[in-house]
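**Q** Turn this into a structure:
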Amino acid sequence: MRYVVIMAGGSGTRLWPLSRQGRPKQLLEIFEGKSLLRLAYERLIGLVDANNILVCTGRAYADDVARQLPELAAGNILGEPEGRDSLNAVAWSAAVVADRNPEAVVAMVTADQIIEPVEEFQRSLTTAFEVAEARPNALVTLGVVPTSPHTGYGYLHRAEELEGFPGVHRVAEFREKPSLEVAQEYLNSGEYWWNAGMFVWRAATLLSQLDQLLPETSATVREIVAQPERLDELFPTLRKISVDYAVMEPASVGRTDAEVVSVGLHIDWKDVGGFLSLAELFTQDESGNAVDGRTVALDSSGCILVNAAGPDHVVAALGLTDCLVVATQTATLVSRLEDAERIRQLVDVVRTEAGAQYA
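**A** Residues are numbered from 1 along each chain as shown. As a prediction, the model looks like this:
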């Protein structure tokens, strides 16, 4: 039986002050009145039984998740007591699904991306399900066919095609975010895909990989499922590590009995990690400013101007070049675009010097 887990636990600090403590980016209803979480759910409609869709999120966000996704079956919101990186969201979810159905095949998809067309995404995810069903030891990762030498994404190096599955390739290795020169080489070679951070596997297979690589994690998530009343006690003891570092990369170089393969996504894909990627979805004025909400710009160019302070507020920019201005009701951010990736550091300072209520 097929299941899907939407991973929606990130805090989204790179989108501060839009994204705040208790109101992360995946819950912001700024995409034509919908959130990234809602869009992720709607991409799954008709793909699997609605009762087999789960969301793994922070416990503090559980009520908002339930409000935005009233279709979710009771008990299908898994609230982490604290963030312990992607491996533990994946491992706990897999253990829950395996307990419900030991033969389950589960897709782990993200809630921080814009994907179009949806039909192509569903086609690729269906292929990934078929591979995992046919090959019990397969760890399937989704790779986006690149359209530019992007330096903000990790890459998959494709190897030979998987027999019986046209367009599905074994993964030779994972590569970290490259320099522009290296990214251009990847693009020119035609052998690399962007790492989408989405996976399909048998739930039992993922747990088997953890038995081989991180047996303490495997034992702990099984214990949490067996004794859910101990979640708060046990979850914080899990080693904080990403699923790529913990499982996918070791498996791809033969450290386990799994085979790592990738299904290509021929889609328009935007990973909404920060303001630079979010701005691609905004309107551009005649001076190249990406604007959202009521804004005015004079002698300003190449800026990102966001007004989320309400209809009685205006954001006005004068003589600015390549700057970021984001206004909300309780906090305003002003930064050079080149420093946009440092917003996490700023949020830590805001929390310390201004108070947690502003972070």
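
**Q** how close does the residue lying closest to residue 273 once chain neighbours are set aside sit to residue 246?
**A** Nearest non-adjacent residue to residue 273, counting by CB to CB, 6 or more residues apart in numbering: residue 14, 6.0 Å away. To be clear about C-beta, it is placed using only N, CA and C from the backbone, and glycine gets the same treatment. The gap separating residue 14 from residue 246 is 23 Å, by CB to CB, to the nearest Å.

**Q** Same check on residue 289?
**A** 42 Å.

**Q** next one: residue 200
**A** Counting by CB to CB, the gap from residue 200 to residue 246 is 17 Å.

**Q** now residue 133
**A** Taken as CB to CB, the span from residue 133 to residue 246 is 24 Å.

**Q** So what pairs up with the most centrally placed residue in the chain in the strands?
**A** By CA atoms, centre = their mean, the chain has its centre lying nearest to residue 110, at 3.9 Å. Here residue 110 sits in beta bridges with residue 7, going by DSSP bridges.

**Q** Residue 169 too?
**A** What pairs with residue 169, by the bridge criterion (DSSP bridges), is residue 161, residue 262.

**Q** how much space between it and residue 256?
**A** 19 Å.

**Q** and what of residue 40?
**A** When residue 40 is compared with residue 256 (using CB to CB), they lie 29 Å apart.

**Q** Of these two, which one has the most company?
**A** residue 40 (24 against 20; other CB atoms under 10 Å).

**Q** Paired strands for the lowest-mean-pLDDT helix or strand in the chain, with orientation please.
**A** Using mean pLDDT, DSSP states H and E, strand 268-271 stands out as the lowest-scoring helix or strand of the chain, at a mean of 87. When pairing is defined by DSSP bridges, strand 268-271 lines up against strand 113-116 (antiparallel).

**Q** could you give the mean pLDDT of the partner strand?
**A** For strand 113-116, mean pLDDT is 93.

**Q** Which stretches in the stretch 201-350 of the chain count as strands?
**A** Per DSSP state E, counting those that start in this stretch, the stretch 201-350 of the chain carries strands over the ranges 259-265, 268-271, 283-284, 290-292, 295-298, 304-308, 315-318, 323-328, 332-336.

**Q** just the ones you listed: most buried one?
**A** strand 259-265 (a mean of 24; mean count of other CB atoms under 10 Å).

**Q** which secondary structure elements does that strand contact?
**A** helix 118-134, strand 138-144, strand 168-175, strand 192-202, helix 249-252 (3 or more CB pairs under 8 Å, 6 or more residues apart in numbering; DSSP states H and E).

**Q** Now do residue 170: how many residues are near it, please.
**A** 16.

**Q** quick one: which helix or strand includes the closest residue in space to it that isn't next to it in sequence?
**A** Spatially, and ignoring its direct neighbours in sequence, residue 170 is nearest to residue 159 (4.2 Å; CB to CB, 6+ apart). Following DSSP states H and E, one finds residue 159 within strand 155-161.
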